[in-house]
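Requesting a structural model of the entry that follows:
(chains A and B)
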Amino acid sequence: MACCAVVQKAEKKDRAAMVRPRVDILETGHEFLLVADLPGVSPNDLDLQFDKGELTMRGSRAGSRAVAFERTFTVSDMVAADRIAAELKNGVLTVKLPKIEAVKPKKIAVNA
Amino acid sequence: MNRTCRGPFGALWNEVNTVQDEVSRLFNRVAPFVAAPAAGPHLNVREDDHAIHVEADLPGVDPAKIDVTVTEGNHLAIRGERQLPDIAGATWVRQERASGEFLREISLPALVNADAVEARYENGVLTLTLPKHEAVKPRKIEVKFAS
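This is a model prediction of the structure:
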């Protein structure tokens, strides 16, 4: 099989490409879980902000494949904003958004 | 601005396309899509005089389970697997990330020394450095003059 008949010359990039990272979102009784692919981004290059009900992630990757990741989500007031926690590992950002007490499922005792 | 586009699993997505104003379906119930087999991670291949460099974005893959093989001096295969988050009692709200097994096979532009390949996995990026086989490295050829 003929391979590499046409080989691209490496080119200098003036600006990093802007990319929206792919995201999975799950919901349990007590929290939302948001998982984003940010390959090549280290914790120092990640900016995660929660402001006025919006969660914004901005990550950057340097080098020959420079990329600027950015995406914003509107977060409902079911979420306890002061308890949002995040971890970035192996290029995957996991954000836990706990629900406020009032909306958690509660078992109701039934009197006989 | 509305943009209609094909999403990764063949379903038609309508999306309001501004970064500022991502109206996420975060709190709407969206039916989870059945994941189609992924084409596999994209590979960047660069060549210089001494080596071939390959980069693949593999976020969230266990590096111990990434399988890199070089056969016949210039066939490279990268195989691995990634699972989706599996949480008991959770419902899916949005599903965009690929999962399952992947396999990428390419022919490299030159013969490499398979015994000296280096592989590094950092921040979800796999970087391979494949030194060229001595026989294919560029050589300066001295031209003798007949006088």
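
Check the burial of residue 85 by counting its neighbours.
Using chain A here. Neighbourhood size, A:A85 [other C-beta atoms under 10 Å in any protein chain shown]: 10. Using the backbone N, CA and C atoms, a C-beta is placed for each residue, glycine as well.

To clarify, I was referring to chain B.
Residues near B:P85, counting by other C-beta under 10 Å: 16.

Name the nearest residue to residue 81, sequence neighbours excluded.
Let's take chain A. Distance criterion C-beta to C-beta, 6 or more residues apart in numbering or on different chains; nearest residue to A:A81, sequence neighbours excluded, is A:F50 at 5.6 Å.

right idea, wrong chain: chain B
B:E81 sits nearest to B:E101 (C-beta to C-beta, 6+ apart), 4.7 Å away.

In contact with that neighbour, which residues are there?
B:R79, B:G80, B:E81 (C-beta atoms under 8 Å, 6 or more residues apart in numbering or on different chains).

Check the gap between the closest residue to chain B within chain A and A:L38 for me.
Here the residue of chain A nearest chain B is A:G91; by C-beta to the nearest C-beta that distance is 1.9 Å. Counting by C-beta to C-beta, to the nearest Å, the gap from A:G91 to A:L38 is 6 Å.

any common contacting residues for the two?
Contact criterion C-beta under 8 Å, 6+ apart; residues shared by A:G91 and A:L38: B:P59, B:G124.

Between those two, which has more neighbouring residues?
Neighbour count, other C-beta under 10 Å: between A:G91 and A:L38, A:L38 has more, with 29 against 25.

Name the nearest residue to the more buried one, sequence neighbours excluded.
With C-beta to C-beta, 6+ apart as the criterion, A:L38 has its nearest non-adjacent residue at 4.6 Å, and that residue is A:G59.

On the three-state scheme, that neighbour is what?
Secondary structure, DSSP: H, G, I helix; E, B strand; the rest coil: A:G59 is strand.

dump the residue contacts of the residue nearest in space to the middle of chain A.
Nearest to the mean C-alpha position of chain A, by C-alpha atoms, centre = their mean, lies A:A36 at 3.8 Å. Shown in contact with A:A36 (C-beta under 8 Å, 6+ apart): A:P21, A:R22, A:V23, A:D24, A:M57, A:R71, A:V92, A:L93, A:V95.

where does it land on pLDDT?
As predicted, A:A36 sits at a pLDDT of 96.

Lovely, talk soon.
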